[in-house]
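Chemist: how does the following fold in three dimensions:
(one chain, ligands or ions: 1)
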Amino acid sequence: MHSNKSTSRRKFLALATTAAALPVANAMGLNNSQPSQIEPGVMPGAGRVAIITGSSRGIGAATARRLALDGYAVTINYLTNKDKAERLVQEIKAAGGRAIYHQADVADPKGVKALFDANQEAFGGVDVVVSNAGIMNTNPFADMGDEAFDRMIATNIKGSFNVLREAARRTRNGGRIICLSSSIIQMKPAGTGAYAATKAAQEMYAGVLAKELSGRRISVNAIAPGAVDTDLLRSKGTTEQLQGAAAMTPYGRLGKPEDIANTVAILCSEDGEWINGQLIYSNGGIV
Ligand SMILES: NC(=O)c1ccc[n+]([C@@H]2O[C@H](COP(=O)([O-])OP(=O)(O)OC[C@H]3O[C@@H](n4cnc5c(N)ncnc54)[C@H](OP(=O)(O)O)[C@@H]3O)[C@@H](O)[C@H]2O)c1
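Modeler: So this is what the prediction gives:
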């Protein structure tokens, strides 16, 4: 007789195995009735651990879900939305995965160190770090306030630096480090100058850190999403503006958080190893 825990673990592995097999099956022209050949033991994240900053909502939460589904133990980080982080951990655990949550403001180096310490205590180390936490304050140059500007620098530039510094020190050999840029750096819409500058920094971080970690088989990349349907986007755009952004992509839709989580999963896969020090646009063709 199996315990509830091992039953839910088996359910989780079955779900994850199916999810991992589907793209392969589709690419091979196989239909869903074909039995999966992928064994749980070779799940991409089996025995591996990921920290995702800003993962109580949006792109970070979708990334945590996806990596958990791929077999990673995940550490979920939030700033204020404890309830959302807690619910996500429960969801992952109920499906048989391993997850913890930890509050930390990425702008605070001590908080970031404590986040990595909590992960270390729970899971014994880290293989994947996704520096995702970020905020977007928009305004034309003439109207941008000092406080809004400074907070964005503290979160997006200093915060991501804090996370990447800790990642450089602690990520195990063979791991992956990813930070979040934005396709806005190509689009340059009015009012996004300061935000775009903080996102352009992520490309520099990834390119330089990839070289600094030479010899450790750690690939470091930045992902530049387009317009992704999250609180961050919805808080800044009217319905008409969101529809306009959707119409700009050849797919005629906004990005979903899962689209970016899929890109993270590709970079984290074994096949993603050779993609290193790059800025990857994942935007449905918006630019
Ligand atoms: N959505 C887009 O269209 C888009 C496009 C390009 C790039 N991006 C980038 O993708 C990343 C995620 O964006 P999103 O749209 O998913 O944002 P979101 O829905 O607003 O979620 C932001 C997440 O970051 C957390 N967070 C915010 N400030 C933090 C801090 N100082 N310390 C720790 N966590 C913090 C939030 O935690 P709480 O829930 O506790 O507040 C939340 O989990 C950002 O870096 C953003 O610049 C987004």
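Chemist: if I look at Asp271, how far off is Leu279?
Modeler: 19 Å (CB to CB, to the nearest Å). Backbone N, C-alpha and C define where each C-beta goes, glycine included.
Chemist: do Asp127 as well
Modeler: For Asp127, the distance to Leu279 - CB to CB - is 22 Å.
Chemist: same check on Gly252?
Modeler: Gly252 is 25 Å from Leu279, by CB to CB.
Chemist: neighbour count: Asp271 and Leu279, which is higher?
Modeler: More crowded of Asp271 and Leu279, by other CB atoms under 10 Å: Leu279, with 18 against 10.
Chemist: OK, contacts around the more buried one?
Modeler: 181, 202-203, 206-207, 221-224 (CB atoms under 8 Å, 6 or more residues apart in numbering).
Chemist: adding pLDDT, write the residues you listed out as CSV.
Modeler: Shown next, in CSV, are the contacts of Leu279 (pLDDT from 0 to 100):
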residue, pLDDT
Ser181, 98
Gln202, 98
Glu203, 98
Ala206, 98
Gly207, 98
Asn221, 98
Ala222, 99
Ile223, 99
Ala224, 98
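Chemist: just the buried ones from these, in PyMOL syntax?
Modeler: A single PyMOL command selects the buried members of those (16 or more other CB atoms under 10 Å):
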select buried, resi 181+202+203+206+207+221+222+223+224
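Chemist: among the contacts of Leu279, which are in helices?
Modeler: Among the contacts of Leu279, the members falling in helices (DSSP state H) are 202-203, 206-207.
Chemist: ok, Pro250 - how many residues close by?
Modeler: For Pro250, using other CB under 10 Å, the count is 8.
Chemist: just the one 3 residues further on next, same as before
Modeler: Counted with other CB under 10 Å, the neighbours of Arg253 add up to 14.
Chemist: likewise for Val112?
Modeler: 26.
Chemist: one more: Leu115?
Modeler: Leu115 has 23 nearby residues by other CB under 10 Å.
Chemist: could you report the pLDDT at it?
Modeler: On the pLDDT scale, Leu115 is placed at 99.
Chemist: what about the helix or strand in which it is found and the ligand, any contact?
Modeler: In this structure, Leu115 sits in helix 109-123 according to DSSP states H and E. No: for helix 109-123, no contact with the ligand is found by CB under 6 Å from any ligand atom; the gap never falls below 7.7 Å.
Chemist: stretch 166-180 too?
Modeler: Yes: using CB under 6 Å from any ligand atom, stretch 166-180 reaches the ligand at Leu180.
Chemist: kindly export that stretch (C-alpha atoms) in PDB.
Modeler: Extracted in PDB, the C-alpha atoms of stretch 166-180 (Å, rounded to 0.1, in the frame of the first residue of the first chain):
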ATOM      1  CA  GLU A 166      24.900  35.300  -5.200                       C
ATOM      2  CA  ALA A 167      24.200  33.000  -8.100                       C
ATOM      3  CA  ALA A 168      27.800  33.400  -9.300                       C
ATOM      4  CA  ARG A 169      29.100  32.300  -5.900                       C
ATOM      5  CA  ARG A 170      26.700  29.400  -5.300                       C
ATOM      6  CA  THR A 171      25.400  27.900  -8.600                       C
ATOM      7  CA  ARG A 172      26.700  24.300  -8.900                       C
ATOM      8  CA  ASN A 173      28.800  23.400 -12.000                       C
ATOM      9  CA  GLY A 174      26.700  22.600 -15.000                       C
ATOM     10  CA  GLY A 175      24.000  25.000 -13.900                       C
ATOM     11  CA  ARG A 176      22.100  27.800 -15.600                       C
ATOM     12  CA  ILE A 177      21.600  31.500 -14.700                       C
ATOM     13  CA  ILE A 178      19.000  33.500 -16.400                       C
ATOM     14  CA  CYS A 179      17.900  37.200 -16.000                       C
ATOM     15  CA  LEU A 180      14.900  39.000 -17.500                       C
END
